[in-house]
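Peer 1: Sharing a sequence plus its predicted fold:
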Amino acid sequence: MAALRVLFVDDEEELVSTVVERLDLRGIDATGAMSGEEALTRIEEQPFDVVVLDVRMPGLGGFDVIKRIKQSHPDLEVILLSGHGAKEAAETGLRLGAFDYLQKPVDLEDLIAILHRATGRE
Amino acid sequence: MRPASPWIDPLDPTEVEAARPYLAGPGAARLRRTVVLATAAVSIVPLLIISFLYYDQYERSLRTGTLEAVSRQVTNNKRALEFFLTERRSALSFIVQDRSFTELCDEKTLSRLMKHTNDTFALGSFADLGLIDAGGKQLCYTGPYDLKGRDYHDQDWFYRVSRRGVFVSDAFLGYRHSPHFAIATKHERESGEYYILRATVNAEVLAEQIVTAGLTPDDDVFLVNRDGVLQSPSRRYGAVLNTVRIPIPHATGEVHVLEQEDEQHLRVVIGCVQVADSPFVLVYIGSHVRGQSAGLSLPRLLVFLMVSIAFILGVIFWGSGQLVASLRAHNLKRAELMHKVEYANKLATIGRLAAGVAHEINNPLTIINEKAGLLQDIVKLEGEFPRRDKVLGIAESIVGSVARCRKVTHRLLGFAKYMDVASETIAVEELLKEVVSFLGKEAESRNVTITVEAEPGVPNVESDRGQLQQVFLNILNNAEAAVRDGGHIDIRVRMAGERRVAVCIADDGIGIPKENLDRIFEPFFTTKEGSGTGLGLSITYGIVQKLGGEIRVQSEAGKGTCFTVLLPVRRG
């Protein structure tokens, strides 16, 4: 089975690099992106199985990015992340086509479990 | 339900009563004194002025009326008496001119003349009739006494009639020892000789001429002569010929009315007039002001005023107490409201601040968490190296601490975030039993007794089930932590007024010291050092506010704590 290809998008560079490294250590093919714009470029450049997307970012926000992804790559699953625990944000995200929603700080094991669920590789 | 006043909050009578002790305070006493004095002044002064003006006017008109009435009475009597006397004098004049001396010397003729006269006048007035010569000797006499031949030349009336021609005497006893007066008329013959026809009238007959109709029992009307000797009976001074003990003003033909003191120093009204061509003075003595007993007397007015003033003062005193107490109650209520608003603002500010801080901390916290996780991952892949377990332990500790921080930031965000309030019908008692069952195991193991009792007829409330559970769970958690093993927690549900349900959660635990009581709803305030976040009650407070309710706490250190949650039956 080929490695899971994940794009992790967050404006915190430290977070992105750490999570990418940890996912790599677990055999997941993780790529980082520091903004919504960069994420969209990466998606065009190479294929991904799942995108993990922070809701609040400078520039293109999570909701904008998910809308565009769903237009260009309807089959690509998106998991949203946010520091906010607000119900509306979760509902908006799900309505826009997100697979699931996680609150920061995220437990890595929880994230991996959801990644597997999203791609049907339990 | 009391109707809401548009300009002032309605107060419960109990709230006013509660403020009553404040009336003893110096500020309240001053305010009350001012209110009492000002109100009393504006109500009592006009009352006094009007009363005395009215009384003065009343007395004046009464006096005028009395004086007029007295004057009328006296005038009428004077006319009647003068008419009576004139009639009798005329009768004598007629007889003496119509009849010759010889005829008058005949006893039978004289007797017949007297009878006819008395019949004509129908008054039975002449007691006897006699003819007296110029020497004073009674030549002829008809009447009930044997007076023929009597000599009158040394009597006063004889002397006067001889000089004046016509004369009416004072009342006197005379030979017959019964009060009477004489009317005499002189007739001169052509020879120059003269004789006198004299009639007597009983004093009683004269007294009968005095009209006493319309007199009150205090009034007196009588005749006196110029020496103050009674000529008719008097209510005050008794029978005829008694002396009057009150100075009678000098009488003239004009009616004279004046006020003076009587022998008992009481104010009386005296009216007097000289009855023309007679020695009689008609005197009327009336009580000071007629009709006074039936109307408004000064003592009555004073009693009325005193009762009115006492009543007014009573009402003012009571009213001012009520006013000051209700002012105080309003002040207290306002202060309490201000305090609540301030407190709510403070909580909201702290909440916003906390949420901001929590949000900012969340990102670095995530990084710390991931870095520690990476550290663990690397160490685990690295295989054995010195102090590997120590490094893993440190990483574990970092992850654990981050987990604690996460708990705090999540609760802070939960406290501050906008809460969607769901609305459903909730049976409070059922909900409480449910929440108690969540605690279940731990309470059981510590042998803590939790009872839920509801007053019959408490309605369901419209509220948010999840948030209410949170509220009661928070309070019950605290209560459970506060009681000793084997302690009690009593939950009572009852109505508070018509529109609110009160849930009282009382424990017999350690209680809250007074100095902490004001702070328990503040975020981060905790007494559970190390184990609590200090957010439970502040979140509870926030939720109850959002649900339109109110939370109150009473506590005594060492005796226990009672939380009361008031929930509106209907939202909005």
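Peer 2: Ah, there it is. Residues are numbered from 1 along each chain as shown, chains lettered A, B, ... in the order given.
Peer 1: Quick one: list the elements packing against the strand or helix carrying residue B:552.
Peer 2: Using DSSP states H and E, residue B:552 sits in strand B:550-556. Applying 3 or more CB pairs under 8 Å, 6 or more residues apart in numbering or on different chains; DSSP states H and E, we find strand B:550-556 packed against helix B:536-546, strand B:560-568. Every C-beta, even on glycine, is put in place using the N, C-alpha and C of the backbone.
Peer 1: nearest to chain A, of these?
Peer 2: When these are compared by CB to the nearest CB, helix B:536-546 sits nearest chain A, at 13.5 Å.
Peer 1: Can you pull up the most central residue in chain B?
Peer 2: Residue closest to the average C-alpha location in chain B (CA atoms, centre = their mean): residue B:311, at 3.0 Å.
Peer 1: Wasn't that one part of a helix?
Peer 2: Yes: under DSSP: H, G, I helix; E, B strand; the rest coil, residue B:311 falls within a helix.
Peer 1: that older thread, list the buried residues in the strand holding residue B:552.
Peer 2: Of all the residues in strand B:550-556, those buried under the rule 16 or more other CB atoms under 10 Å in any protein chain shown are B:550-551, B:553, B:555.
Peer 1: where does chain A dip in pLDDT?
Peer 2: A:1, A:83-88, A:121-122 (pLDDT under 70).
Peer 1: which stretches of it form strands?
Peer 2: With DSSP state E as the criterion, chain A has strands at A:5-9, A:29-33, A:50-54, A:77-82, A:100-103.
Peer 1: most tightly surrounded among those?
Peer 2: Compared across the strands of chain A, strand A:50-54 shows the largest average neighbour count, a mean of 26 (mean count of other CB atoms under 10 Å in any protein chain shown).
Peer 1: And for the closest residue to residue A:73 other than its chain neighbours, the neighbour number?
Peer 2: Nearest non-adjacent residue to residue A:73, counting by CB to CB, 6 or more residues apart in numbering or on different chains: residue A:43, 6.4 Å away. Per other CB atoms under 10 Å in any protein chain shown, the neighbour tally for residue A:43 reads 21.
Peer 1: Now do the same contact list for residue A:43.
Peer 2: Contacts of residue A:43 were listed using CB atoms under 8 Å, 6 or more residues apart in numbering or on different chains, and they are A:7, A:51, A:69, A:72-73, A:76.
Peer 1: just residue B:473 next, same as before
Peer 2: By CB under 8 Å, 6+ apart, residue B:473 lies in contact with B:435, B:438-439.
Peer 1: That one falls within a helix, correct?
Peer 2: Yes: secondary structure of residue B:473 (three-state DSSP): part of a helix.
Peer 1: From residue B:429, how far off is it?
Peer 2: 16 Å (CB to CB, to the nearest Å).
Peer 1: nearest residue to residue A:3 other than its sequence neighbours?
Peer 2: residue A:29 (4.2 Å).
Peer 1: quick one, what contacts the nearest residue to residue B:155 once chain neighbours are set aside?
Peer 2: Once flanking residues are discounted, residue B:155 sits nearest to residue B:136: 7.6 Å by CB to CB, 6+ apart. Going by CB under 8 Å, 6+ apart, residue B:136 touches B:151-155, B:158.
Peer 1: can you tell me the helix or strand for residue B:434?
Peer 2: Here residue B:434, judged by DSSP H and E, is contained in helix B:428-445.
Peer 1: typo on my end, it should be residue B:140
Peer 2: In this structure, residue B:140 sits in strand B:138-142 according to DSSP H and E.
Peer 1: Same check on residue B:44?
Peer 2: Taking DSSP H and E as the definition, one finds residue B:44 inside helix B:26-98.
Peer 1: so how far is that helix from its chain's centroid?
Peer 2: 31 Å (CA atoms, centre = their mean, to the nearest Å).
Peer 1: Report the mean per-residue pLDDT for that helix.
Peer 2: Averaged over helix B:26-98, pLDDT sits at 86.
Peer 1: For residue 36, the count of nearby residues, please.
Peer 2: In the absence of a named chain, this looks at chain A. For residue A:36, using other CB under 10 Å, the count is 24.
Peer 1: oops, I was thinking of chain B
Peer 2: By other CB under 10 Å, 17 other residues sit near residue B:36.
Peer 1: For it, which residues are in contact?
Peer 2: Residue B:36 makes contact with B:313, B:316-317, B:320, according to CB under 8 Å, 6+ apart.
Peer 1: ends of stretch B:514-522, how far apart?
Peer 2: The first residue of stretch B:514-522 is 15 Å away from its last residue (CA to CA, to the nearest Å).
Peer 1: Just the residues contacting it, thanks.
Peer 2: Residues contacting stretch B:514-522 (CB under 8 Å, 6+ apart): B:343, B:346-347, B:350, B:512, B:525, B:527, B:534, B:537-538, B:540-541, B:551, B:553, B:555, B:557.
Peer 1: ok, now stretch B:375-385?
Peer 2: For stretch B:375-385, the external contacting residues (CB under 8 Å, 6+ apart) are A:22, A:25-26, B:388, B:391-392, B:395-396, B:398-399.
Peer 1: Neighbour count added to the residues you listed, as a markdown table?
Peer 2: Shown next, in a markdown table, are the contacts of stretch B:375-385 (neighbours: other CB atoms under 10 Å in any protein chain shown):
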| residue | neighbour count |
| --- | --- |
| A:22 | 22 |
| A:25 | 16 |
| A:26 | 14 |
| B:388 | 13 |
| B:391 | 16 |
| B:392 | 14 |
| B:395 | 20 |
| B:396 | 14 |
| B:398 | 17 |
| B:399 | 19 |
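Peer 1: What about the closest residue to residue B:565 other than its chain neighbours, how many residues nearby?
Peer 2: Closest residue to residue B:565 apart from its sequence neighbours, by CB to CB, 6+ apart: residue B:503 at 4.6 Å. As a burial measure, residue B:503 scores 28 neighbours (other CB under 10 Å).
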